[in-house]
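>>> What follows is a predicted protein model with its sequence.
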Amino acid sequence: MAGGEPEEPRCPQVYLVSDGTGITAETLARSLFTQFPALAPDWHRLPFVQSPGRLSSAFARIGEGPQPALVVATLADGQLRAQLEHCPVPVIDVLGEHLGRLEAILGAQAEAVAGRAHGRGDAERYDRRIDALNYTLAHDDGLASTDLAVADVVLLGASRSGKTPTSLYLAMNYGLFSANYPLVPEDLDHGGTPHMPQPLRGLEGRMVGLTIHPQRLAQIREARRPGSRYASLEQCRAETRAIATFLEVWELPQLDVTERSVEEIATRVRDLLELPR
């Protein structure tokens, strides 16, 4: 309005329309919206839209809903993608905008199979991911240590430094057998040179230490156990110092996770250990 305060941007309704789970559409859309920090969109996932009738029903819902709105679509079927022209709001057609160009580059025709990106697809890869997830759950936080030699990666660090979510991410997304081991004061306080805990011996080349600023660690622990010695800044400083010494003495790769997301931690762990893609 002229002469007045600038109008704040309206937060859009974002509809994730997919013939499968909608994970691909949501991942892309959320990534794009990180570049618009002033906006806080409302997210609506509409999965398994695999017929013209379901897509028309989705359009009716979208058209009747709050505005502004947009659709991010991942539809493999050409007939459904053509129907996107009748959508009452703007559409980002993820597959339509790229499949044709990729077909031209590859000289091959896309099969246009719905739900393939996050379906069973490659059964061998799927089974590997499930086996890896089971292994990771069984080896969370040092629960089991008798078969750590099977692990592709072993994450070390203080309690609440992100080992568990990173391990699960590595297993679920990449099929990596990931274990994590908490370095507790009993492992570190031996005077002189820190010793290598027995379960970790012989795992050089597969271990990565996750480090974290003590202030951030104290904040995370305080949310879990308010007012405890476990969450005190003094305790967190002592543990992070001892762990840093341990990692340096044993020359283990380390990664500061203080300001990093689980996705970034997992990617950097794979790079540090040069794990297969």
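Looks like it arrived, so ask away.
>>> Strands of the chain, residue ranges please.
13-18, 42-46, 69-74, 91-93, 153-157, 178-182, 207-211, 254-256 (DSSP state E).
>>> Out of these, which gets nearest to Asp141?
Among these, the nearest to Asp141 by Cβ to Cβ is strand 178-182 (5.6 Å). All C-beta atoms are positioned from the backbone trio N, CA, C, and that covers glycine.
>>> packing partners for that closest one?
helix 123-138, strand 153-157, helix 163-174 (3 or more Cβ pairs under 8 Å, 6 or more residues apart in numbering; DSSP states H and E).
>>> most neighbours per residue, which of the ones you listed?
strand 153-157 (a mean of 26; mean count of other Cβ atoms under 10 Å).
>>> now that strand: mean pLDDT?
The average of the pLDDT scores along strand 153-157 is 95.
>>> Going forward, count from 552.
Will do, 552 is the new start, and the previous item becomes strand 704-708.
>>> what's Gln676 in contact with, if anything?
Careful, residue 676 is Arg and not Gln. Gly726 (Cβ atoms under 8 Å, 6 or more residues apart in numbering).
>>> On the pLDDT front, check it for me.
For Arg676, pLDDT reads 79.
>>> Surely Tyr686 touches Leu721?
No - counting by Cβ atoms under 8 Å, Leu721 is not a contact partner of Tyr686; they are 10.8 Å apart.
>>> so where's the stretch 552-701 of the chain shaky on pLDDT?
Low-confidence segments of the stretch 552-701 of the chain, defined by pLDDT under 70: 552-561, 663-673.
>>> and the gap between Arg821 and Ala789?
Distance check for Arg821 against Ala789: by Cβ to Cβ, to the nearest Å, it reads 31 Å.
>>> For Thr578, see how far away Thr572 is.
11 Å.
>>> more neighbours, these two?
Between Thr572 and Thr578, counted using other Cβ atoms under 10 Å, the more crowded position is Thr572 (17 against 14).
>>> Next, that one: phi, psi?
phi -80, psi -20 (degrees, to the nearest 10).
>>> correct me, but it touches Pro598?
Yes - when contacts are counted by Cβ under 8 Å, Thr572 is listed as touching Pro598 (5.4 Å).
>>> before we move on, back to that, of the strands of the chain, which approaches Gly658 most closely?
strand 642-644 (22.6 Å).
>>> what helices or strands is the closest one leaning on?
Using 3+ Cβ pairs under 8 Å, 6+ apart, strand 642-644 sits against strand 620-625.
>>> now with 10 Å?
Here strand 642-644 touches strand 564-569, helix 574-584, strand 620-625, helix 629-634, going by 3 or more Cβ pairs under 10 Å, 6 or more residues apart in numbering; DSSP states H and E.
>>> Can you add distance to His746 and give these back as a markdown table?
Below are these laid out as a markdown table (distance: least, Cβ to Cβ, whole Å):
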| stretch | distance to His746 |
| --- | --- |
| strand 564-569 | 51 |
| helix 574-584 | 43 |
| strand 620-625 | 52 |
| helix 629-634 | 61 |
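>>> Of these, which is nearest Glu810?
The nearest among those, by Cβ to Cβ, is helix 574-584 at 18.1 Å.
>>> Excluding covalently adjacent residues, which one is nearest to Asp807?
Thr762 (5.1 Å; Cβ to Cβ, 6 or more residues apart in numbering).
>>> pretty sure the one you found contacts Ala709?
Yes - counting by Cβ atoms under 10 Å, Thr762 does reach Ala709; the two are 8.4 Å apart.
>>> shared neighbours, these two?
Residues touching both Thr762 and Ala709 by Cβ atoms under 10 Å, 6 or more residues apart in numbering: 768, 791, 794.
>>> end to end, how far does stretch 586-594 reach?
16 Å (Cα to Cα, to the nearest Å).
>>> Can you list the buried residues in it?
For stretch 586-594, the neighbour count (16 or more other Cβ atoms under 10 Å) marks Pro592 as buried.
>>> can you count the residues close to Gly756?
10.
>>> got the contact list for it?
704, 803-804, 824-825.
>>> Quick check: the farthest pair among the residues you listed?
Every pair of the contacts of Gly756 checked by Cβ to Cβ; the farthest is Leu803 and Glu825, at 14.7 Å.
>>> more crowded one of those two?
The neighbour count for Leu803 versus Glu825, taken as other Cβ under 10 Å, is higher for Leu803 (20 against 7).
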